[in-house]
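Colleague: test case, fold it:
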Amino acid sequence: MTVFEKEIIYALRKMTTSEIAGLPDVSEGLEFAIKNAVDSCNTLNDFFEIIKTKRYTTTRLQRILIYALLGITKKDITMSKRTQPYIRVLGLNKRGKFLISEIAKENPKLEIITSVKRFTDKNSNKNLQTMLDKDILATNIYTLGYEEESTSNLDFTKKIVTL
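Modeller: You can find the predicted model right below:
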């Protein structure tokens, strides 16, 4: 069984065809094929066997499954393309500290996130917060796959890794 297999199937089963149509990469009536396939299978292998064609490649379908799991919509993608992105620092060494400092000097409007809590407290940009919320959700879902210490909100409790 694939990690997150049941979670992905659950996410798609609870969606309507119009919600599936709102996922990125879904077009040409693919939402109906996805809904029919997910309602009639219990594994992702079965799902891919039912729906995969030359037109709908496994890679495209995998992206759609991740969008469904994370709740990423076409609207989110459009918004993110219109928004100045942020840099999320997860870890760094001495050279990285220097580079981050230089990037910040050269690009004063670029958000560099070293603390999710600090950023969330001071941020007033709704689009950046929406994007960061998807990051946080992705981490929270990812930790479900941990054997031990499967806690959520690690983005708020774990410090960046310094080497």
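Colleague: CA-only coordinates of the longest helix seen in the chain, as PDB, when you get a sec.
Modeller: Counting by DSSP state H, the longest helix found in the chain is helix 126-142. In PDB, the C-alpha atoms belonging to helix 126-142 read as follows (Å, rounded to 0.1, in the frame of the first residue of the first chain):
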ATOM      1  CA  LYS A 126      -3.700  37.200   2.500                       C
ATOM      2  CA  ASN A 127      -2.300  35.500  -0.600                       C
ATOM      3  CA  LEU A 128       1.000  34.800   1.100                       C
ATOM      4  CA  GLN A 129      -0.900  33.500   4.200                       C
ATOM      5  CA  THR A 130      -3.000  31.200   2.000                       C
ATOM      6  CA  MET A 131       0.200  29.800   0.300                       C
ATOM      7  CA  LEU A 132       1.800  29.300   3.700                       C
ATOM      8  CA  ASP A 133      -1.300  27.600   5.100                       C
ATOM      9  CA  LYS A 134      -0.900  25.000   2.200                       C
ATOM     10  CA  ASP A 135       2.700  24.600   3.300                       C
ATOM     11  CA  ILE A 136       1.700  24.000   6.900                       C
ATOM     12  CA  LEU A 137      -1.100  21.500   5.800                       C
ATOM     13  CA  ALA A 138       1.400  19.600   3.700                       C
ATOM     14  CA  THR A 139       3.800  19.300   6.700                       C
ATOM     15  CA  ASN A 140       0.900  18.200   8.900                       C
ATOM     16  CA  ILE A 141      -0.200  15.500   6.400                       C
ATOM     17  CA  TYR A 142       3.400  14.400   5.800                       C
END
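Colleague: immediately after that helix, which helix or strand?
Modeller: For helix 126-142, the succeeding helix or strand toward the C-terminus, using DSSP states H and E, is helix 154-157.
Colleague: and the contacts of that following helix?
Modeller: Residues outside helix 154-157 that contact it (CB atoms under 8 Å, 6 or more residues apart in numbering) are V116, K117, D135, I136, T139, N140, T143, T151. Backbone N, C-alpha and C define where each C-beta goes, glycine included.
Colleague: 10 Å instead?
Modeller: 88, 90, 113, 115-117, 120, 132, 135-140, 142-143, 146, 151 (CB atoms under 10 Å, 6 or more residues apart in numbering).
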